[in-house]
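Engineer: Sequence first, predicted coordinates after that:
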Amino acid sequence: MWFIDKRTIFEPKTMVKQSINGILIFLGGVLLAYALIDENTSVYIKIIGLVLLMFGAYRASQHWVKTKDDHLDSDES
């Protein structure tokens, strides 16, 4: 049976970190969308948007890798 330990998901520190990752991804996407809509956008806006998007995605994927087997630990105990 697939089981996720609720402490891992609802731990305040984890929720804050994942929220920051989500905000970074969202802001990066907004900046890139703005750059696509407005033709006179600076290249720096595009670069900052891409960096924010990729940094947020990197941090989120690192968190997922660290917690992917948490449900297995709770089944053993």
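Structural biologist: Sure thing, it's come through. Numbering: from 1, shown residues only.

Engineer: Point out where this protein drops to low pLDDT.
Structural biologist: Low-confidence segments of the chain (pLDDT under 70): 1-10, 69-77.

Engineer: which residues in it form strands?
Structural biologist: Applying DSSP state E to the chain gives no strands.

Engineer: Could you verify my assumption that residue 17 touches residue 63?
Structural biologist: Yes - if you go by Cβ atoms under 8 Å, residue 17 and residue 63 touch, sitting 6.5 Å apart. Any C-beta I mention is one placed from the backbone N, CA and C, and that applies to glycine too.

Engineer: starting at the chain centroid, how far to stretch 53-63?
Structural biologist: Distance of stretch 53-63 from its chain centroid, counting by Cα atoms, centre = their mean, to the nearest Å, is 5 Å.

Engineer: Quick check: buried residues in it?
Structural biologist: Within stretch 53-63, the residues that qualify as buried are 53, 56, 59-60, counting by 16 or more other Cβ atoms under 10 Å.

Engineer: from those residues, which single one is nearest residue 23?
Structural biologist: residue 56 (7.5 Å; Cβ to Cβ).
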